[in-house]
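Q: starting from these lines, generate the structure:
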Amino acid sequence: MKKAKNIMIQGTMSNAGKSILCAGLCRIFKEDDLKVAPFKSQNMALNSFITKDGFEMGRAQVVQAEAAGVEPDVRMNPILLKPTTDVGSQVIVNGKPIGNMRAAEYFAYKKNLVPDIMEAYNSLAEDFDVIVLEGAGSPAEINLKSDDIVNMGMARMVDAPVLLAGDIDRGGVFAQLYGTIALLDEEDRARVKGTIVNKFRGDKNILAPGLDILEEICGVPVVGVVPYLNVDIDDEDSLSTRLDRKTRKLIDIAVIKLPRISNFTDFSPFENYENVSLRYVMKASELADPDMIIIPGTKSTIADLIWLRESGLEAKILQAASRKENPAIVFGICGGFQMLGRHISDPLKTEAAGLTEIDGMGLLPIETVFENEKVQTQTHGVLFDVAGPLAGLSGMEYEGYEIHMGRESFIKNDMDLSEDAKARICSKRSIIYSGSAQETGADKNINTNINIYGTYTHGIFDAPGISDEILKALCVRRGIDFSELGTFDAAAHKEEQYNILAKALRESLDMELIYRIMNR
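A: Prediction:
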């Protein structure tokens with residue numbers, strides 16, 4: 001039976017750069033004509049993806065699969081934890097949810113998932129030449145060591161050599177690396193075959209004496225010093241620095257930074273135009289007067305709607321959407337789409353948010369009811385009946401994926417569409433639209449502009465031409481020419497970034513040593 005070679009990247013802490021290092025190695029092995037797959041036994045993240053066969057997996061392994069030039073496969077991430085509260089998560093095994101568990105409950109249960117992990121890994125090992133494994137957090141969490149299934153526990157299960165990465169940009173990298181290795185037991189310490197100093201800025205010659213001492217006290221070589229890379233590659237979770245951007249430019253798009261925001265990479269296409277600002281807003285005072293407001297997906301729609309209301313942002317959004325002059329376009333994705341409706345109910349307590357029903361923002365004539373069965377599917381089609389400033393989207397092809405528990409229904413006689421059109425929109429999950437925010441109020445004759453939009457489709461802005469068409473509409477409203485924003489080829493840009501990453505890692509890592517470690 002064929003058995004793939006493997007290499008595992010672990011880190012001294014969360015956000016040490018493991019995901020990007022794994023993506024870069026995947027691209028390098030691809031360039032070296034090897035068939036390579038990423039693997040992470042357990043991922044905790046709200047950024048997820050639906051595969052072609054309808055399974056849910058972590059976005060980080062999707063990015064790594066793209067770098068490897070292979071189709072994302074749920075076997076690459078057999079366990080996904082999606083936090084629902086500060087002490088609990090939805091547990092997804094082999095791409096399907098098995099329920100919500102509190103942290104202590106999952107900790108006691110997770111050893112039962114080892115057969116699922118091994119089945120997924122062994123199946124990949126039969127199909128690929130190399131598997132690049134990613135750890136989670138730090139292997140030196142000594143309180144979690146006995147039941148570890150993602151760091152050294154995973155390395156033991158598949159006999160993987162480990163490279164330990166530390167983040168020098170945060171400071172204390174020598175203590176990070178030495179301290180982590182020192183806290184490992186003898187067996188696990190022997191699995192560490194090298195260290196990586198990641199995110200370095202400055203003169204490497206000044207660092208050199210410290211590297212020599214590090215090699216001596218750790219007993220393993222420094223495999224490389226990786227510079228701080230400004231590559232535009234999707235980050236794994238909300239630790240991403242992109243969520244801190246505040247600058248405003250010619251076209252200003254504000255994304256509401258919900259406490260449990262999910263799939264924030266949905267909006268990445270807008271980030272790549274020089275004169276478009278994509279800001280993430282958490283305070284009412286930060287909203288100002290954007291051209292477009294996006295309410296993103298969330299793992300807990302009701303809880304985040306309560307936050308939106310209590311923070312004062314709901315009132316600011318309603319105010320911006322109902323301006324008499326050039327009202328802001330409001331676009332909801334998934335949970336954000338549900339918030340835009342009239343009412344949300346969760347009779348089965350699937351979200352574990354406390355409340356089982358709540359009034360929505362009242363901007364779309366829909367009601368949402370949460371059910372036990374989760375919708376997980378890729379979707380594609382042609383947009384139709386899109387009105388208002390985004391009417392140019394009509395007739396355009398779209399694609400993406402859906403991940404949601406809620407089912408929506410239209411409120412009868414509250415939308416200027418035939419019943420047949422309503423049914424078609426619901427069934428296709430296409431863009432839903434209403435009249436202006438003012439039309440949904442008591443006086444429906446104040447304004448006839450349509451400016452509220454929503455969809456269940458994650459990734460809709462990635463489809464060719466969709467983001468361009470939206471930006472063109474925003475430019476028309478602002479009286480500026482679309483050419484002032486600069487054009488952008490998303491697919492070519494993504495490939496270029498993976499190649500830049502691979503080139504930088506080849507120049508900074510000892511790849512000959514890494515191959516020797518893998519061929520031990």
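Q: so which elements touch the longest strand seen in the chain?
A: Secondary structure assigned by DSSP state E gives strand 366-382 as the longest strand of the chain. When contacts are defined as 3 or more CB pairs under 8 Å, 6 or more residues apart in numbering; DSSP states H and E, strand 366-382 packs onto strand 48-50, strand 96-102, strand 343-345, strand 397-410. C-betas here are computed from N, CA, C, even on glycine.
Q: how far does that strand sit from the chain's center?
A: Once both centres are worked out by CA atoms, centre = their mean, to the nearest Å, strand 366-382 turns out to sit 19 Å from its chain's centre.
Q: over to stretch 213-226?
A: Stretch 213-226 has its C-alpha centroid displaced from the chain centroid by 33 Å (CA atoms, centre = their mean).
Q: hmm, residue 390 is touching residue 469, no?
A: Yes - with contact defined as CB atoms under 8 Å, residue 390 and residue 469 form a contacting pair (7.3 Å).
Q: these two - which one has more neighbours?
A: Ranked by neighbour count (other CB atoms under 10 Å), residue 390 and residue 469 place residue 390 first, with 23 against 18.
Q: how close does the more buried one get to residue 68?
A: According to CB to CB, to the nearest Å, residue 390 and residue 68 sit 36 Å apart.
Q: now do residue 13
A: Distance, residue 13 to residue 68, by CB to CB: 25 Å.
Q: just the buried residues of the lengthiest helix in the chain, please?
A: Longest helix in the chain, counting residues (DSSP state H): helix 490-508. For helix 490-508, the neighbour count (16 or more other CB atoms under 10 Å) marks 490, 494, 497-498, 500-502, 505, 508 as buried.
Q: who's residue 399 bridged to?
A: For residue 399, the beta-bridge partners are residue 380 (DSSP bridges).
Q: residue 28 is in contact with residue 508, isn't it?
A: No - counting by CB under 8 Å, residue 28 stays clear of residue 508, with 11.6 Å between them.
Q: spit out the contact partners of the closest residue to residue 305 other than its chain neighbours.
A: Spatial nearest neighbour of residue 305, chain neighbours left out: residue 339 (5.0 Å); criterion: CB to CB, 6 or more residues apart in numbering. By CB atoms under 8 Å, 6 or more residues apart in numbering, the contact set of residue 339 is 295, 301, 304-305, 308, 332, 360-361.
Q: count the residues that sit near the nearest residue to residue 359 once chain neighbours are set aside.
A: With CB to CB, 6+ apart as the criterion, residue 359 has its nearest non-adjacent residue at 5.7 Å, and that residue is residue 343. Residues lying near residue 343 (other CB under 10 Å) number 15.
Q: tell me the spacing between residue 343 and residue 370.
A: 12 Å.
Q: over to residue 3?
A: Distance from residue 3 to residue 370, by CB to CB: 44 Å.
Q: list the buried ones in the helix or strand containing residue 108?
A: Using DSSP states H and E, residue 108 sits within helix 103-109. Buried residues in helix 103-109, counted by 16+ other CB under 10 Å: residue 106.
Q: now for that helix, which elements pack on it?
A: strand 88-93.
Q: who touches the strand it packs on?
A: By CB under 8 Å, 6+ apart, strand 88-93 touches 44, 56, 78-84, 97-103, 106, 113, 116, 299, 352.
Q: can we see that at 6 Å?
A: 56, 79-84, 97-98, 100-102, 116 (CB atoms under 6 Å, 6 or more residues apart in numbering).
Q: which of the residues you listed ranks first by neighbour count?
A: Counting by other CB under 10 Å, top hit in the contacts of strand 88-93: residue 80 with 29 neighbours.
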